[in-house]
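>>> how would this look folded up:
(one chain, ligands or ions: 1)
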Amino acid sequence: MGLTYAEGMSKSKLLKKKNIMVMDTSEEKLLKLHQISHFDAYRDLEECVPEADVIFIAVKPHHAEKLFFTINPLVKPEQLLISIMAGVTIKSIKDLTGLTKIVRAMPNLPAKIGKGLTSYVASSDVTRIELLTIESLLDTTGKSVLVSDENFIDASTGISGSGPAYVFYFMQSMMKAALQMGFSENVSKILVSQTFTGAVELFNQNNLSPNSWMKKVASKGGTTQAALDSMEDNNVGELIKEAAFAAFDRAVEMGKEEQHV
Ligand SMILES: NC(=O)c1ccc[n+]([C@@H]2O[C@H](COP(=O)([O-])OP(=O)(O)OC[C@H]3O[C@@H](n4cnc5c(N)ncnc54)[C@H](OP(=O)(O)O)[C@@H]3O)[C@@H](O)[C@H]2O)c1
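Numbers count the residues shown, from 1 in each chain. As a prediction, the model looks like this:
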């Protein structure tokens, strides 16, 4: 994910490659990184953290405490830190790094192809002008949404953060049905993926609700209505809502666990 953002920022021409320093602990990864992406790659935080205006953290949450412990003596108060780690709160980042300008962001996987959605929240020390810079940086991987408090970061984990997996789940079920109807794997894939692409593009190009679109596809007593009735009878809509809340609850829980490390 860290590399995804570095590449997004560099491709958008918002930042020159020479102004992006990429850091990882693995020598092997750094070598690959340098060869493939031509970023200045570093193994030691001491070499790059003091030089940075914005520090972008994309390690797994369980590496956070050790990393922040190392960063603490290297940072300056004017530096801004953006974290995309799930469940790591602004308070814990402030306490561990000593920094006060913190942005907590929640991306999703389509960021890898420039179609991501990043929700983010900033601590009160981040200025309006800095917020504009942050928005431009995050938008290099898709779109971003500024939310008013951290609870919405956990909530957006349940919708956009984990959401791509719900879509893949739905796609998988439709592909299984297509296979069972006798289509080849290849045709099943095309039938399903083009259906998703087409439906999402229709939705994006018009100002209609999902319900209005459903009504446009379904006619009374017809095939689509039979499928929609089956989903309603089986409570599928309610179950999808429950699943999103399960992810939201887990994000809140992870935040609490993180504060105990
Ligand atoms: N992937 C997603 O869709 C997604 C969505 C939302 C949020 N996030 C968040 O994004 C973060 C990164 O996820 P990811 O999937 O990109 O993880 P990842 O592939 O494991 O990348 C993390 C990288 O950080 C390196 N690292 C570990 N400790 C380090 C340290 N002290 N200093 C510098 N680098 C260090 C890791 O190296 P080693 O492998 O050698 O340890 C690894 O290369 C996570 O906190 C996750 O919660 C990810």
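
>>> quick one: low-confidence parts of the stretch 151-261 of the chain?
258-261 (pLDDT under 70).

>>> By proximity to the ligand, which residue of it wins?
Residue nearest to the ligand within the stretch 151-261 of the chain (Cβ to the nearest ligand atom): G161, separated by 5.1 Å. C-beta here means a position set from N, CA and C on the backbone, and glycine is covered the same way.

>>> For the ligand, what is the nearest residue in the stretch 101-250 of the chain?
Nearest residue of the stretch 101-250 of the chain to the ligand (Cβ to the nearest ligand atom) works out as L109 at 4.1 Å.

>>> ranges for the helices of the stretch 151-261 of the chain?
Counting by DSSP state H, counting those that start in this stretch, the stretch 151-261 of the chain has helices at residues 151-156, 163-180, 185-205, 210-217, 223-233, 236-258.

>>> export the ones you listed to JSON lines and tack on distance to the ligand?
Shown next, in JSON lines, are those (distance: least, Cβ to the nearest ligand atom, whole Å):
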{"stretch": "helix 151-156", "distance to the ligand": "10"}
{"stretch": "helix 163-180", "distance to the ligand": "8"}
{"stretch": "helix 185-205", "distance to the ligand": "19"}
{"stretch": "helix 210-217", "distance to the ligand": "24"}
{"stretch": "helix 223-233", "distance to the ligand": "28"}
{"stretch": "helix 236-258", "distance to the ligand": "9"}
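
>>> Out of those, which is closest to D44?
Ranking the helices of the stretch 151-261 of the chain by their distance to D44 (criterion: Cβ to Cβ) puts helix 236-258 first, at 25.3 Å.

>>> Please work out which residues outside the closest one touch it.
61, 64, 86-89, 92, 150-151, 153-155, 157-159, 161-163, 166, 231 (Cβ atoms under 8 Å, 6 or more residues apart in numbering).

>>> burial measure for P77, as a count.
For P77, the count of nearby residues is 9 (other Cβ atoms under 10 Å).

>>> circling back to that earlier point, for PyMOL, write the select line for the buried members of the contacts of helix 236-258.
To isolate the buried members of the contacts of helix 236-258 in PyMOL, using 16 or more other Cβ atoms under 10 Å:
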select buried, resi 61+64+86+87+88+89+92+150+153+154+155+157+158+159+161+162+163
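
>>> my guess is D24 contacts L33, does it?
Yes: with contacts defined as Cβ atoms under 8 Å, D24 counts as touching L33 at a distance of 6.8 Å.

>>> Quick check: neighbours shared by those two?
A41.

>>> Look at those two and report which has more neighbours.
L33 (21 against 17).

>>> which residue packs closest to the more buried one, ignoring adjacent ones?
Of all residues not flanking L33 in the chain, A41 sits nearest, at 4.8 Å (Cβ to Cβ, 6 or more residues apart in numbering).

>>> And the ligand, is the helix or strand where the one you found lies touching that?
In the assignment (DSSP states H and E), A41 maps to strand 40-42. No: contact between strand 40-42 and the ligand is absent, the nearest approach being 9.1 Å (criterion: Cβ under 6 Å from any ligand atom).

>>> Any chance you could list what contacts that strand?
17-18, 20-24, 30-31, 33-34, 48.

>>> Could I get the CA-only coordinates of the helix or strand just after it as CSV?
Next in sequence after strand 40-42, counting helices and strands by DSSP H and E, comes helix 45-48. The C-alpha trace of helix 45-48 is given here as CSV (Å, rounded to 0.1, in the frame of the first residue of the first chain):
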residue,chain,number,x,y,z
LEU,A,45,14.6,5.7,9.4
GLU,A,46,17.4,7.9,10.6
GLU,A,47,18.3,8.6,7.0
CYS,A,48,15.0,9.8,5.7
